[in-house]
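The sequence isn't on hand, but the structure is:
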């Protein structure tokens, strides 16, 4: 399941958002579409623990390290996707 | 927006829980009768959630030592160790603990929470990494927030997952400190410490183990999971508390690190809070001495664990896989868990109700903890009342199922 490093490095913001949207399906409150502007805590049924679990899942999916320190700075799916891309570059 | 408006979600959750008929997080103990009984709402109630693993809260020798210290040294120290100085007994307790763990150094903190807060936030600097178990206690998470290190979380009790995450940090220059607990307070399972130590060493990481719920509980002499797994000499730092098996309050950090003493003037949760009162220090010294003189005290605890764990398992409840003094009954429905909790209290049994997100993976827990001071009869009563309520509320099927083969 985990994407290889080569694949990830070529991922665009759009691709990462799509991957995150898939991971967030279980947390959808209604039939809203998950986009880059979806607010993770306001628009989705996620508590702090669920957000941390999501980060862990994304770390494995993209083979990156996403520090918990980033959590306060991430409110939208787009920001989360950008964090994943930046983590990949920094690695 | 009002000051408290942002707690709307918590307020709603708390109100929903209270519809069971009482506040599970605000129980009033009208009178403490012994280390295993209290009067609650006028009823004699068995305390089966108080972490009093060795029952030392009412030990006559501990009480006498506390009384003597109270007479000799007064009610409090009225300040921190760096400002008001260390009393003889602070230093003596540190020496006792260093000796107990066979480590060169020990620092005593005012609570177990502060021991983790202080040790973890101070040991890891801005260029370092803390790699913590996902199910870590709040004190560990809060230490990460207080400190300046980069924080990575790994899957609970999963050494292969830790290996993978440390592997991703291989090119990062900072020090890495792995943080795990001996026994986990909510689910009651314990860390595969031998494997965690091996993975940490492989990646050149330090390892810190919090033995809060395992000191005086596991290992031949009661050192905890470090002793149970035979890795005491390979663990860099151990924290713990005096508020569980030691029957009082306070916390500690032990280590062989040669520069340990610098922590006394660098660790803010140690420096800027009043030190432990003399009576507490005196009672803890006696608790520790009694455990060391008679590790057999733990046998009674484990006999009692058998009674409760086997009893609730045979009744058909879903319990954690690892047997230990924290016996957590797993339920999927928080409302049902709250109703069961309330019914237990009305029938004279106090356990802890633990709800998400304080619990992992959305489970609600009726968390029981066993004491060496419980009588077999008390624990049999707990099992019988639990079973009756479990059937009434619909947690259990009406006929007891055959013991499942695992």
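Yep, it's here. No experiment lies behind these values; they were computed from the predicted model shown. Numbers count the residues shown, from 1 in each chain, chains lettered A, B, ... in the order given.

hey, let's count contacts and neighbours off CA atoms from now on
OK.

Write out the residues of chain A neighbouring chain B.
Contact residues (CA under 8 Å from any CA of the partner chain) of chain A with chain B: A:47, A:48, A:49, A:56, A:63, A:64, A:65, A:66, A:67, A:68, A:69, A:91.

Please indicate which of those residues are buried?
A:49, A:56, A:63, A:64, A:65, A:66, A:67, A:68 (16 or more other CA atoms under 10 Å in any protein chain shown).

List the ones among the residues you listed that fall in helices.
A:49, A:56 (DSSP state H).

which pair in the buried ones among the residues of chain A next to chain B spans the largest distance?
The span of those, defined through CA to CA, is set by A:49 and A:63 at 20.7 Å.

returning to what we had before: closest one of the buried ones among the residues of chain A next to chain B to residue B:194?
residue A:56 (23.8 Å).

pLDDT score for the closest one?
For residue A:56, the pLDDT comes out at 94.

Let me know the secondary structure of the most centrally placed residue in chain B.
Closest residue to the average C-alpha location of chain B: residue B:213 at 3.8 Å, with CA atoms, centre = their mean. Three-state assignment for residue B:213 (DSSP: H, G, I helix; E, B strand; the rest coil): coil.

I'd say it and residue B:246 touch.
No - between residue B:213 and residue B:246 there is no contact under CA atoms under 8 Å: 10.4 Å.

Quick check: pLDDT value at residue B:400.
46.

which stretches of chain B have low pLDDT?
Across chain B, the ranges flagged by pLDDT under 70 are B:398-406.

which residues are there in it that come within reach of chain A?
Close to chain A, as judged by CA under 8 Å from any CA, chain B has residues B:145, B:150, B:151, B:152, B:153, B:154, B:165, B:168, B:169, B:171, B:357.

Among these, which pair sits farthest apart?
Counting by CA to CA, the most remote pair of the residues of chain B next to chain A is B:171 and B:357, 33.9 Å apart.

For the two, work out which one has more neighbours and name it.
Comparing residue B:171 with residue B:357 by other CA atoms under 10 Å in any protein chain shown, the one with more neighbours is residue B:357, at 14 against 9.

Show me which residues of stretch A:51-62 are buried.
Going by 16+ other CA under 10 Å, stretch A:51-62 has these buried residues: A:51, A:52, A:53, A:55, A:56, A:57, A:58, A:59, A:60, A:61, A:62.

Name the SS class of residue A:25, please.
helix.

can you tell me how far it sits from chain B?
Distance of residue A:25 to chain B, computed by CA to the nearest CA, to the nearest Å: 17 Å.

Contacts for stretch A:17-34 next, please.
Stretch A:17-34 is contacted from outside by A:35, A:36, A:43, A:44, A:45, A:46, A:54, A:58, A:77, A:78, A:81, using CA atoms under 8 Å, 6 or more residues apart in numbering or on different chains.

again, 6 Å this time
The contact list for stretch A:17-34 (CA atoms under 6 Å, 6 or more residues apart in numbering or on different chains) reads A:44, A:45, A:81.

Which of the buried residues of stretch A:51-62 sits closest to chain B?
residue A:56 (7.2 Å; CA to the nearest CA).

tally of neighbours for residue 34?
Picked chain A for this. Neighbour count of residue A:34, defined by other CA under 10 Å: 20.

actually it's chain B I care about, not the one you picked
14.

What of residue B:320?
Neighbours of residue B:320 using other CA under 10 Å come to 18.

In which helix or strand does residue B:389 reside?
Element membership for residue B:389, per DSSP states H and E: helix B:376-393.

in that helix, what's buried?
Buried residues in helix B:376-393 (16+ other CA under 10 Å): B:376, B:378-383, B:385-391.

And for stretch B:365-376?
B:365, B:366, B:367, B:368, B:369, B:370, B:371, B:372, B:373, B:374, B:376.

what comes into contact with it?
Under CA under 6 Å, 6+ apart, the answer for stretch B:365-376 is B:48-49, B:51-55, B:300-301, B:325-331, B:351-354.

related to what we said a few turns ago, and for the residue nearest to the residue nearest to the centre of chain B when sequence neighbours are not counted, the neighbour number?
Nearest non-adjacent residue to residue B:213, counting by CA to CA, 6 or more residues apart in numbering or on different chains: residue B:183, 5.5 Å away. For residue B:183, the neighbour count with other CA under 10 Å is 26.

ok, residue B:183 - contacts?
B:189, B:190, B:213, B:214.

which one among the residues you listed gets closest to chain A?
residue B:189 (19.4 Å).

Show the contacting residues for that closest one.
B:183, B:322 are the contacts of residue B:189 under CA under 6 Å, 6+ apart.

where's it relative to residue B:156, distance?
Applying CA to CA, to the nearest Å, the value for residue B:189 to residue B:156 is 10 Å.

Looking at pLDDT only, which of the residues of chain A next to chain B scores worst?
residue A:91 (50).

The closest residue to chain A within the stretch 1-150 of chain B: what's it in contact with?
Nearest residue of the stretch 1-150 of chain B to chain A, counting by CA to the nearest CA: residue B:150, 6.0 Å away. Going by CA under 6 Å, 6+ apart, residue B:150 touches residue B:129.

where do the strands sit along chain B?
B:31-32, B:37-40, B:43-47, B:105-109, B:129-133, B:150-154, B:176-181, B:206-210, B:237-241, B:251-255, B:326-331, B:349-350, B:352-354, B:364-369 (DSSP state E).

Take those strands and write them to TSV, including distance to residue B:95.
Shown next, in TSV, are the strands of chain B (distance: least, CA to CA, whole Å):
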stretch	distance to residue B:95
strand B:31-32	32
strand B:37-40	34
strand B:43-47	33
strand B:105-109	7
strand B:129-133	28
strand B:150-154	32
strand B:176-181	23
strand B:206-210	19
strand B:237-241	15
strand B:251-255	10
strand B:326-331	30
strand B:349-350	37
strand B:352-354	35
strand B:364-369	30
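
And residue B:306, how close does it get to chain A?
33 Å.

count of residues packed around that residue?
17.

Just give the closest residue to it, not the sequence neighbours.
residue B:323 (7.9 Å).

rewinding a little: top of the contacts of stretch A:17-34 by number of neighbours, please.
Busiest of the contacts of stretch A:17-34 [other CA under 10 Å] is residue A:81, holding 23 neighbours.

pLDDT value on it, please?
94.

show me the contacts for it.
So residue A:81 contacts A:16, A:17 (CA under 6 Å, 6+ apart).

Go again with 7 Å.
A:13, A:16, A:17 (CA atoms under 7 Å, 6 or more residues apart in numbering or on different chains).

and the last one, what helix or strand is that in?
Following DSSP H and E, the helix or strand that holds residue A:17 is helix A:13-24.

On the C-terminal side of that helix, identify the next helix or strand.
helix A:40-43.

what comes into contact with that following helix?
So helix A:40-43 is in contact with A:75, A:76, A:77, going by CA under 7 Å, 6+ apart.

Let's see that with 6 Å instead.
For helix A:40-43, contacts defined as CA under 6 Å, 6+ apart pick out A:75, A:76.

Kindly report the same for stretch B:261-275.
By CA under 6 Å, 6+ apart, stretch B:261-275 touches B:79, B:80, B:81, B:109, B:110, B:114, B:118, B:122.

Narrow those residues to those in helices?
Counting by DSSP H, the part of the contacts of stretch B:261-275 found in helices is B:81, B:114, B:118, B:122.
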